[in-house]
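1. here's a sequence, model it:
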Amino acid sequence: MAVDCGMAKGKIQMFGFGIPSKGFYSIEIPETRVHQIQAAGVVIVLEGDADEDKINVELRLVVNDKWDFKPRKMTNNEFLVIFPDKGTLETFSRFAGFDLSIYNLKVKITKSNVDPTTSSVLQSCWVRISNIPPIAREESVVRELASLVGQPVMVDELSLIREEPVRVKVNCRDPSVIRCVIEIFFNKVGHEVKFISEGSLGMNLDPRGGPPGTGKKDDKSERKDQRDADSSKGKRKSDKFDRIGNIDKDHDSSYGGSQDAMEQDDLGTGQMKNLPITAFHPNLGMIELATIIKDNSLNRYGIQLLQ
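-> Have a look, this model is predicted:
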């Protein structure tokens with residue numbers, strides 16, 4: 001349940017000055033004096049990159065090439081325009097959307113009660129206000145707090161009695177910039193009150209830069225990082241064993257070549273050299289192999305028995 005803030009009529013008020021360069025002055029005029037601007041419409045850009053000049057060129061091509069639509073940007077994707085007459089606006093407002101060929105735009109046109117001479121239009125959003133002391137959790141006080149970031153429209157009454165941030169709907173210049181911490185003194189005692197628009201949840205706070213959530217790590221991301229680290233370690237181990245294997249192969253090749261050279265040298269000179277190599281013979285047991293010499297003076301096996 002929300003409580004209407006009951007804006008003052010006919011009185012200039014200041015709002016949003018808690019955020020640098022986003023403050024504004026506002027005055028409310030009785031609804032009976034607001035009349036409909038028959039030929040004013042809003043061009044909503046559904047696809048493409050548009051600006052005021054592009055909108056004017058495109059509309060002149062499809063509506064009236066001699067008319068100046070005087071586009072005025074209201075939001076990132078909305079432009080206020082003036083049509084030649086009510087009938088033309090009525091016709092184009094019936095389309096769910098259509099393409100503009102010059103700049104590859106897709107747009108939708110709606111009727112508007114906004115005065116064509118408007119410089120800009122405020123946007124509405126819900127704001128969560130945290131760290132309000134218990135003595136200040138009242139509708140009138142919360143409305144005053146909300147005025148630091150925008151023009152309060154209504155207060156969520158249920159959020160006042162729950163242990164959670166208080167929700168307030170406000171009119172403001174740009175909802176995306178409402179994510180800040182402002183120190184406010186209640187009876188001379190300071191509290192750092194946090195303001196976050198619901199469209200900005202998950203973004204960093206300004207100026208302190210802390211995330212609005214609990215700071216819990218992303219488990220999935222953490223597991224993925226761990227798997228990547230394990231994979232990297234496994235690759236390094238595999239590379240290490242490959243290198244060891246190559247070294248062993250080189251060593252065996254080198255050793256084999258050296259042994260062949262030694263045997264060839266021994267046979268060529270006829271000199272006997274005892275080699276520290278043993279083997280098991282089925283009849284003689286453990287034996288130490290000796291190089292065969294020309295006269296075969298050791299025994300008929302050409303070997304030397306172990307003592």
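
2. okay, now the unreliable bits of the stretch 1-150 of the chain?
-> Across the stretch 1-150 of the chain, the ranges flagged by pLDDT under 70 are 1-9, 31-38, 116.

3. just the helices in it please.
-> Remark: helices assigned in the stretch 1-150 of the chain by DSSP state H, counting those that start in this stretch are 52-62, 86-92, 139-146.

4. in CSV: the ones you listed, plus distance to Val153 and mean neighbour count.
-> The C-beta positions use only the backbone N, C-alpha and C, and glycine is treated the same way. As requested, these are exported to CSV (distance: least, CB to CB, whole Å; neighbours: other CB atoms under 10 Å):
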stretch, distance to Val153, mean neighbour count
helix 52-62, 29, 17
helix 86-92, 29, 15
helix 139-146, 9, 18
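
5. between those, which gets nearest to Gly10?
-> Shortest distance between Gly10 and the helices of the stretch 1-150 of the chain, using CB to CB, is found for helix 139-146: 18.8 Å.

6. for the following helix or strand past that closest one, output the C-alpha coordinates as CSV.
-> Using DSSP states H and E, the helix or strand that follows helix 139-146 in sequence is strand 151-156. What follows is strand 151-156, C-alpha atoms only, in CSV (Å, rounded to 0.1, in the frame of the first residue of the first chain):
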residue,chain,number,x,y,z
GLN,A,151,10.2,14.8,-6.2
PRO,A,152,8.4,12.4,-3.9
VAL,A,153,5.1,11.0,-5.3
MET,A,154,4.2,8.3,-2.9
VAL,A,155,5.6,6.2,-0.1
ASP,A,156,5.2,2.4,0.2
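
7. partner strands of strand 151-156, parallel or antiparallel?
-> Strand pairing for strand 151-156, using DSSP bridges, gives strand 2-4 (antiparallel), strand 166-172 (antiparallel).

8. just the angle between it and helix 139-146, please?
-> With axes from the mean of the first three to the mean of the last three CA atoms, to 10 degrees applied, the angle from strand 151-156 to helix 139-146 works out at 140 degrees.

9. just to check, Val81 is in contact with Glu58?
-> No: assessed by CB atoms under 8 Å, Val81 is found out of contact with Glu58, at 10.5 Å.

10. circling back to that earlier point, in CSV, list the helices of the stretch 1-150 of the chain along with distance to Asn113.
-> Listed next are these as CSV, based on distance: least, CB to CB, whole Å:
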stretch, distance to Asn113
helix 52-62, 20
helix 86-92, 12
helix 139-146, 26
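
11. wait, which of these is closest to Lys188?
-> helix 139-146 (15.6 Å).

12. and the closest one, what does it pack onto?
-> Packing contacts for helix 139-146, counted by 3 or more CB pairs under 8 Å, 6 or more residues apart in numbering; DSSP states H and E, involve strand 123-130, strand 151-156, helix 157-161, strand 166-172.

13. hmm, try it at 10 Å
-> Applying 3 or more CB pairs under 10 Å, 6 or more residues apart in numbering; DSSP states H and E, we find helix 139-146 packed against strand 2-4, strand 123-130, strand 151-156, helix 157-161, strand 166-172, strand 179-186, strand 189-197.
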